[in-house]
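**Q** Take this sequence and fold it.
(2 chains)
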Amino acid sequence: MRWAKIRIFLVFLTLCLLVAFLDQRNVLSPVRSVFQFGLSPIVRATYVLKNNFQDALSFITFWKSGEARIKNLEQKNLELIGKALRVEQLEKENRDLYKQLGTPFPSGHIRLGANVLGVNRFLIVGRGSKDGVRLGQSVVYLDHFIGKVIRVDEGVSFIQLPTDGEIKIPVKVGATGSAKGVTVGQFHSTIILDQVAQNEEIKVGDYILTSGEDGKILPDLILGRVKKIVSVPTDIFKKAEIEPLMTYDQLDLVFIIIR
Amino acid sequence: MKKFYLLSAVSIILQSQTRIICWPILVVGASARQFNERKLYILAFFLGILTDLISGRMLGITSAFLTFFVFSLLLLKLRFKDSYKVILGASVVFELIYLVLVNSALI
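**A** Below you'll find the model as predicted:
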């Protein structure tokens, strides 16, 4: 009786391992594509429904603090308009300098728009190998780093977010990049900045940008803001908790940098 | 039987939008009192494959995890019959194991 129970368990376990082995050898890619083609619309519909529901709920919590937040945003908007004008002026100066030096102005990257289908451990997007998506490509929203492509199927790709425990992103603190370090994800909710030399200065509110030192992730993409310094002076490296500026669960559209 | 198909479909849809809960564990747990062992293993296998398809994992990994869950459930059923408390407890324990495995990026 017991042996029969163990036997059926072993049969199914072997079957699972066989499927895993075949999938690793890419034998099951056509099966994967067919299922994902069928499931994608349903998953996307659920994602949109979930986000709409969350929006409706946030309206209930918003009405109390709404006025103060709008005033705060208006103030920030004014500041940003000033900064945007300054950036425009600097860009013009930069172009003129390039012209004077006789070198072409560096062209932008090609961004491929991708609808978000869902988010579990990875962000699932509705673009795949048939659209030119390849492993390791950076995914952005405006100038914010969303993640990198970790798996590509024919019509669907999976994006590893900065909050994932397995991702390591070389970063710099602020646009000047005086302090450099590496970020790692924690519990799918926070990002930890690590390996910053003790003599470097980081403070709460500093912006964290990708440094592009690994040659895979594009540089100068915004990752988040320093929320809390978690190391003590006796530690070998400085450590800080980073607050992502994007809510990864509520993204509707992202851009994959395909070239 | 129909309600389990419905539950399975709902669990897979929920799985596509959730990080830390393995919904198929709850479906397999809920089926434990009514399904025989062969049906339970088949249910675990297919729900696992669908979960892996949706979450971008290697196919078969979640199925193997759910197979261990079914095996444990069947052993517990031998000892405790069909006690829903025991089934619920086992489901919670496996949910916690799943949480640890996902957070440490092992699956």
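**Q** The helix or strand harbouring B:Leu101 and chain A in contact?
**A** In this structure, B:Leu101 is located in helix B:84-103 according to DSSP states H and E. Yes - with C-beta under 8 Å from any C-beta of the partner chain as the threshold, helix B:84-103 lies in contact with chain A, specifically through B:102-103. Every residue, glycine included, has its C-beta placed from N, CA and C.
**Q** Was I right to think A:Asn130 contacts A:Val156?
**A** Residue A:130: Lys, not Asn. No - using C-beta atoms under 8 Å, A:Lys130 is not in contact with A:Val156, being 10.3 Å away.
**Q** And the two? Which one has more around it.
**A** Higher neighbour count among A:Lys130 and A:Val156: A:Val156, with 28 against 11, using other C-beta atoms under 10 Å in any protein chain shown.
**Q** And that one, how far from A:Gln36?
**A** Noted for A:Val156: a distance of 5 Å to A:Gln36, by C-beta to C-beta, to the nearest Å.
**Q** Convert the C-alpha atoms of stretch A:7-23 to CSV, please.
**A** As requested, the backbone C-alpha atoms of stretch A:7-23 are provided in CSV (Å, rounded to 0.1, in the frame of the first residue of the first chain):
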residue,chain,number,x,y,z
ARG,A,7,5.5,4.7,-6.7
ILE,A,8,2.8,7.0,-8.0
PHE,A,9,4.6,10.0,-6.4
LEU,A,10,7.9,9.0,-8.1
VAL,A,11,6.1,8.6,-11.4
PHE,A,12,4.7,12.1,-11.3
LEU,A,13,7.9,13.6,-9.9
THR,A,14,9.9,12.0,-12.8
LEU,A,15,7.3,13.4,-15.2
CYS,A,16,7.8,16.9,-13.8
LEU,A,17,11.6,16.6,-14.0
LEU,A,18,11.3,15.3,-17.6
VAL,A,19,9.2,18.3,-18.6
ALA,A,20,11.8,20.6,-16.9
PHE,A,21,14.6,18.9,-18.8
LEU,A,22,12.7,19.2,-22.1
ASP,A,23,11.9,22.9,-21.4
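**Q** Go ahead and name everything in contact with it.
**A** Residues from elsewhere that reach stretch A:7-23 (C-beta atoms under 8 Å, 6 or more residues apart in numbering or on different chains): A:28, A:32, B:37-38, B:41, B:44-45, B:48-49, B:58-61, B:63-64, B:67-68, B:70-71, B:74.
**Q** Now, of the residues you listed, which are buried?
**A** Applying a neighbour-count criterion of 16 or more other C-beta atoms under 10 Å in any protein chain shown, the buried members of the contacts of stretch A:7-23 are A:28, A:32, B:37, B:41, B:44-45, B:48-49, B:58-61, B:63-64, B:67-68, B:70-71, B:74.
**Q** for the longest helix anywhere in chain A, the distance to its chain's centre please.
**A** The helix spanning the most residues in chain A, taking DSSP state H as the definition, is helix A:29-101. Using C-alpha atoms, centre = their mean, to the nearest Å, the mean C-alpha position of helix A:29-101 is found 13 Å from that of the whole chain.
**Q** Quick check: next helix or strand after it?
**A** From helix A:29-101 onward toward the C-terminus, using DSSP H and E, the following helix or strand is strand A:111-119.
**Q** element containing A:Gly136, please.
**A** Using DSSP H and E, A:Gly136 falls within no helix or strand.
**Q** ok, it touching A:Lys148?
**A** Yes - using C-beta under 8 Å, A:Gly136 is in contact with A:Lys148, at 5.9 Å.
**Q** where are the low-confidence patches of the chain?
**A** The chain I'm using is chain A. A:1, A:64, A:104-107, A:175 (pLDDT under 70).
**Q** wait, I meant chain B there
**A** Counting by pLDDT under 70, chain B shows low-confidence ranges at B:105-107.
**Q** Nearest the geometric middle of it, what residue?
**A** Ranked by distance to the mean C-alpha position of chain B (C-alpha atoms, centre = their mean), the top residue is B:Ile25 at 2.5 Å.
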